[in-house]
Structure formats: C-alpha cells, structure tokens
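Undergrad: could you work out the structure for the sequence below:
(4 chains)
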Number of protein chains: 2
Amino acid sequence: MVQQEADPRTRVIAAADELFYRRGIQATGMDEVRAAAGVSLKRLYAEFPGKEQLVLAVLAARHEMWEQGIAGAAAHAHDARGRLLAIYDFLETWFGDDSFRGCGFINAFGELGASSPAVADAAREHKASFQHYVQGLATEAGGDAELAAQLALLAEGAQTTAAIAGIVEPALHARRAAEVLIRVATGR
Amino acid sequence: MVQQEADPRTRVIAAADELFYRRGIQATGMDEVRAAAGVSLKRLYAEFPGKEQLVLAVLAARHEMWEQGIAGAAAHAHDARGRLLAIYDFLETWFGDDSFRGCGFINAFGELGASSPAVADAAREHKASFQHYVQGLATEAGGDAELAAQLALLAEGAQTTAAIAGIVEPALHARRAAEVLIRVATGR
DNA sequence: TTGCGCCGAGAACGATCGTTCTCTAGCGTA
DNA sequence: TACGCTAGAGAACGATCGTTCTCGGCGCAA
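TA: The predicted structure follows:
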C-alpha cells in the first residue's frame, strides 16, 4: 500500500505513519504495518528492534514533515509577521485534509506518554522546537517571549479543536487572534 | 484503593477515572479497575456491560467535574469578563496538580476516537459544551462568537502545552492573551 | 552442478486482556 | 435444619499482539 520503489525502511515508516496516525498506535499491529509496507516481518524487526523504535522513527519523520510544511508556508512571506501568520495558513490547509486527525505528537503522548518516556520526550522536543521557531520569528517581529508562547498556544488549541470538532475554522480564529496579539505586542 | 463507603458504581467510576487518566485507557485492564475499586468482576460487569460503557461513564463524570470546577472558579467573579478570566485561573491550579496529565477528553479522543464513535462523540460534546459556556460569557461581556472561539482556543492550547511540557505557565500566557483579546473585541 | 547463506512467508510462542463461567460460602426463610 | 438465592473469588476461554523461530526457495560462488 506504499510506493514499492522506495527502500524498505522508508516504506515501513510511511506505512506505519499512516496507520498509527489514522487508527492509533496501540490499535495498529506490527503485522498490519508489515502488510502495508510490503515487507517481511523479519526485515521489519531487522530495521526496528521493537515497536517503540518504530514509533520513535515515525515521530521523527512526522517532525520533519511538520518543519518542512511550516517552512514552505513561510517561504512566500516577506517579513517575520507574515511568516508567523503563515503558520495558521498552513494549519488551515492541513485541517482541510481528509486524513487530518489532530497533532500526531499529542495523540502519541496521550496514548503512550505515561508508559513510554521516550515517546513523551519526543513529543516534548517537537513542541519545544516549535516554540523555539515561533520565538525566533516573534523576536524578529518586535515581540517578546510571551507573545511567542501565546501564538504557539493558539496553534496548539486550533489543532485539537479542529481535530475533535472536525472543522477548519479554528485555524481562521487562531490567525485573527494572532494578528491582534502581534499588533498589540509590537505597538502596531 | 477508593473510599469504601461509597456505592460500588461510584467506586468503580472513581477508580477507573484515576487509572484511565493516569496510565491511559488501553493500558488499564478491567481487572485493575476491579482491584482498585474493591469490587468483584461480576459486579463490575453487572454495572457496566463492557469497557466502552465504563469509559463513557468515566467521561461523563469527568465532564461534571470540569463544569463544577469552572463554575466554582467563576463564582467569585462579579462580571462576565471576570468569569471568563476565571477559566484560566482554574486551569492554572489544575495544571499545578501533580496528577495533571492533560485534558482527559483529548487523551481519550486520541486513543479511541478512531475506533469508538461513542467516545469521539463524548469528546465532541464536552468541547461543544465548553464552547457554549464561553460564548455565553463572551456575549455578556460585549464580545462576539469569534472572541468566544478564540478564548476557547487559548484554553485548549494551554491544556495540551501544559501537559506535554509539564509546566503551569501556559495558563498565565493564555490568561494575558485573553485579556488583550477581550479588551480589543469589546472596544476597551 | 553442488553447496551455502540470505531472505521472505508464515507458523509458533508467550503474554495480556476483555469477558464469561464455575465453585463455594454466607444468609434469610420455612 | 434444610433449601435456595446471591454474590464474591478467581479460574477459564478466546482473541489479539509483539516477538521469535522454522522452513523452504532462490541466488551466487567454486
């Protein structure tokens, strides 16, 4: 069910990512991943010594995709404020995707954060990295760390709200709230 | 491990709530719930015909606790704006609790939303109810539905950020952002 | 061609879990 | 006392899952 030309490791990660995200990690068996990736169980375990390592690899890949998505949306903006607001435009298109089911890190944290410290750390690092990204842009736009934290809060809230309600509007509300907060924090 | 004087049904819900929330729903076995509630397996299944019904009962109880917490925090405020800001004060004390592990509905949705429509609906209804509550206060404070959605977004984002990062500050950032949004939306 | 090593297919294993069944002790009533 | 009902303790069952093991075939070197 995944492009057969890629190397096995990439195929496994792509298949696992899709299944883990769509149906949940614990609800997805290693044998389903094997079947979807078109790979033998022996190779799967040769590549990833256990399910937890596969989960961590999937989260790492998802983190890369997130960073590329954010960076791609920011590419067309011409100042820091535009790059900040591009975050919410990116969220809007993401929320509109049929496969959208919330933030994979939040989902993984809720499912495994209590039993797998490594997964909890991966979620923490992903969110910290996003915070850091926003903070750099907020500073460049003339705001401070508090503004950055607030803009990140809006993005987080939009993701969970859009996932549970199944709508894209939270991205728009978050974007307009961000505009107000940026304007006030940077003194227009 | 729960107060033994309450009736069995209440004891089961309290024990299940604690275990489900702390360790995850799928990671908690019915036998652990039985042991923690000090109840026989037969009685457990007489009270709840299956695990899903128990989960739904736990979510219903958690929804009641949430509403009481929000209402309790709002009780000391003397206007709608104060009651809106009381939400974030409530969040701050909640985040400071050692047992805090994020919003139970978001966690349950991430874990079971894909496989249990009933659980997904429970999460949706809980969030919709909160939206409705915020909207009533926002209207009373002179704002509109968009302000309400934005204030709710801040609360949602604060919950997930505080849970993953393990800090209480998101409540403070959300509160100050809410103050700005309310001031701007209501024309000071 | 013959032997060898690698790899895929899938059976097998052990653990866990949701759910049901069995057995027995206790209790109220005739 | 004898009987029948209830409920608790926990064994049992069937399914699932992560992980490992076995077997058989294919390619490659001599």
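Undergrad: and the residue in chain A positioned nearest to DNA strand C, how far from residue B:46?
TA: Using C-beta to the nearest atom of the strand, residue A:40 is the residue of chain A that sits closest to DNA strand C, at 3.3 Å. (Each C-beta comes from the backbone N, C-alpha and C, glycine too.) Residue A:40 sits at a distance of 47 Å from residue B:46 (criterion: C-beta to C-beta, to the nearest Å).
Undergrad: let me know whether the residue of chain A closest to DNA strand C touches residue A:34 as I believe.
TA: Yes: taking C-beta atoms under 8 Å as the definition, residue A:40 is a contact partner of residue A:34 at 7.0 Å.
Undergrad: quick one: which of those two has more around it?
TA: Neighbour tally, residue A:40 and residue A:34, criterion other C-beta atoms under 10 Å in any protein chain shown: the higher count belongs to residue A:34, 19 against 11.
Undergrad: chain neighbours aside, what residue packs nearest to the residue in chain A that chain B sits nearest to?
TA: Chain B sits closest to residue A:157 of chain A, with a gap of 3.1 Å, by C-beta to the nearest C-beta. In space, residue A:157 comes closest to residue B:157 once its chain neighbours are excluded; the distance is 3.1 Å by C-beta to C-beta, 6 or more residues apart in numbering or on different chains.
Undergrad: check which helix or strand that neighbour maps to.
TA: Element membership for residue B:157 (DSSP states H and E) is helix B:145-165.
Undergrad: before we move on, the earlier item: so how many other residues sit close to the residue of chain A closest to chain B?
TA: A count of neighbours around residue A:157, defined by other C-beta under 10 Å, yields 28.
Undergrad: tell me the contacts of the residue nearest to residue A:157?
TA: When contacts are counted by C-beta atoms under 8 Å, 6 or more residues apart in numbering or on different chains, residue B:157 is found next to A:152, A:153, A:154, A:155, A:156, A:157, A:158, A:160, B:170, B:174.
Undergrad: same list, those residues, but as JSON lines with pLDDT and distance to DNA strand D please.
TA: Converted to JSON lines, these look like this (pLDDT from 0 to 100; distance: C-beta to the nearest atom of the strand, whole Å):
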{"residue": "A:152", "pLDDT": "98", "distance to DNA strand D": "32"}
{"residue": "A:153", "pLDDT": "98", "distance to DNA strand D": "33"}
{"residue": "A:154", "pLDDT": "98", "distance to DNA strand D": "35"}
{"residue": "A:155", "pLDDT": "98", "distance to DNA strand D": "31"}
{"residue": "A:156", "pLDDT": "98", "distance to DNA strand D": "28"}
{"residue": "A:157", "pLDDT": "98", "distance to DNA strand D": "31"}
{"residue": "A:158", "pLDDT": "98", "distance to DNA strand D": "31"}
{"residue": "A:160", "pLDDT": "98", "distance to DNA strand D": "25"}
{"residue": "B:170", "pLDDT": "98", "distance to DNA strand D": "32"}
{"residue": "B:174", "pLDDT": "98", "distance to DNA strand D": "36"}
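Undergrad: quick one: which two of the residues you listed are the most distant?
TA: Greatest spacing in the contacts of residue B:157, by C-beta to C-beta: A:158 and B:170 (14.5 Å).
Undergrad: so these two - more neighbours on which side?
TA: Legend: neighbour count by other C-beta under 10 Å for residue A:158 and residue B:170, higher for residue A:158 (32 against 28).
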